[in-house]
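Asker: fold the following, please.
(2 chains)
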Amino acid sequence: EAGVTQFPSHSVIEKGQTVTLRCDPISGHDNLYWYRRVMGKEIKFLLHFVKESKQDESGMPNNRFLAERTGGTYSTLKVQPAELEDSGVYFCASSQDGGGTNEKLFFGSGTQLSVL
Amino acid sequence: GDSVTQMEGPVTLSEEAFLTINCTYTATGYPSLFWYVQYPGEGLQLLLKATKADDKGSNKGFEATYRKETTSFHLEKGSVQVSDSAVYFCALWQAGTALIFGKGTTLSVSS
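Answerer: The predicted model follows:
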C-alpha cells in the first residue's frame, strides 16, 4: 500500500514568488492534515480536511496560504506571495477515521521549503 | 493553551549507551501522549503512545510512562543503536484538537 506522498521534496524560491505543495493521501483516507515545522521550532498544525471540506483551518498563519482538496483526493497548499518566514518543512498526514487517539495517522516525508 | 516541552538537542551518544529524552506537557484535560520519530529522509512515524496516567508505551526497545503527577512522558531506551539516529518528537492530543508537538530532539548515535 502506498503511503502519504508529498512533492516536491524540496523547493527553493525567492521572496515574493508563489509555490504550490502537493499531498497525495493514502487511498480511502477521508482526513487530511497539513502541519509545518519552522526550523528549530515545534511542528504546528495548519488545517484539517474531511473529504473536500475544511474541518479546521485555525492554524493557517495568514491569507497568503491557500489550501484546497478538490474532489476529496489530493490536496494542494499554495503560498502566495512567499515570505522569508514561510521557510520550513511542510508535512501532510492522512487518516481514515480522524478521531480517537490519532493512532492511525500516517505522515508524508515532508516538503522542505526555502524562501530566499 | 496546551503545550509540550522537550529537551533541547542534539543528543550525541555512543552505541549501547542509555538514552533519556525528557518531555513535559501542559494540558487542561487528560490528553493522550505520543512519541513520534523521523528517520532521515522519511516521514514521521508513531513510535509509542499512552492514553492515560501510569500507562507505559513501548516499542522497538523504547519506553515512556505517562506520569500525571509530574506531567511528564520521558522517552528511554536501555541500549541505543546507530539505527536509532533520528529526530524524536513528543506530542499530545485531546478530543476535538489537532496533535500538539514539541520542538523535536535530534539523536545521533555513533559506533
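Asker: low-confidence ranges, chain A, go.
Answerer: Counting by pLDDT under 70, the low-confidence segments of chain A come to A:1, A:98-103.
Asker: which parts of it are strands?
Answerer: Defined through DSSP state E, the strands belonging to chain A, from first to last, are A:5-7, A:10-13, A:19-24, A:31-37, A:43-50, A:53-56, A:65-68, A:75-79, A:88-95, A:106-107, A:111-115.
Asker: check which strands are paired with the last one and give the direction for each one.
Answerer: When pairing is defined by DSSP bridges, strand A:111-115 lines up against strand A:10-13 (parallel), strand A:88-95 (antiparallel).
Asker: counting neighbours, what do you get for residue 89?
Answerer: You didn't say which chain, so I picked chain A. As a burial measure, the neighbour count of A:V89 was computed by other Cβ atoms under 10 Å in any protein chain shown and equals 18. C-beta coordinates here come from the backbone N, C-alpha and C atoms, glycine included.
Asker: that's the wrong chain, I wanted chain B
Answerer: Burial of B:F89 is recorded as 25 neighbouring residues (other Cβ under 10 Å).
Asker: residues in contact with the residue lying closest to A:W34 once chain neighbours are set aside?
Answerer: Once flanking residues are discounted, A:W34 sits nearest to A:L46: 4.1 Å by Cβ to Cβ, 6 or more residues apart in numbering or on different chains. Counting by Cβ atoms under 8 Å, 6 or more residues apart in numbering or on different chains, A:L46 touches A:33-36, A:57, A:59-61, A:65, A:67, A:77, A:90.
Asker: again, only this time at 6 Å
Answerer: With Cβ atoms under 6 Å, 6 or more residues apart in numbering or on different chains as the criterion, the residues that contact A:L46 are A:34, A:36, A:59-60.
Asker: A:I13 now?
Answerer: A:19, A:82, A:115.
Asker: from those residues, pick the one nearest chain B.
Answerer: Taking Cβ to the nearest Cβ as the measure, chain B lies nearest A:V19 of the contacts of A:I13, at 19.9 Å.
Asker: surely that closest one touches A:H10?
Answerer: No - under the criterion of Cβ atoms under 6 Å, A:V19 lies out of contact with A:H10, with a separation of 11.1 Å.
Asker: looking at those two, which has the bigger crowd around it?
Answerer: Neighbours around A:V19 and A:H10, counted as other Cβ under 10 Å, are more numerous at A:V19. The numbers are 20 against 11.
Asker: still on that earlier bit, which of the contacts of A:L46 sits closest to chain B?
Answerer: Taking Cβ to the nearest Cβ as the measure, A:G59 is the one of the contacts of A:L46 closest to chain B, at 7.1 Å.
Asker: low-confidence ranges in chain B?
Answerer: Of all residues in chain B, none has pLDDT under 70.
Asker: out of the strands of chain A, which comes closest to B:C23?
Answerer: In terms of Cβ to Cβ, the element of the strands of chain A nearest to B:C23 is strand A:43-50, at 13.9 Å.
Asker: direction included, what does the closest one pair against?
Answerer: Pairing partners of strand A:43-50, with direction, according to DSSP bridges: strand A:31-37 (antiparallel), strand A:53-56 (antiparallel).
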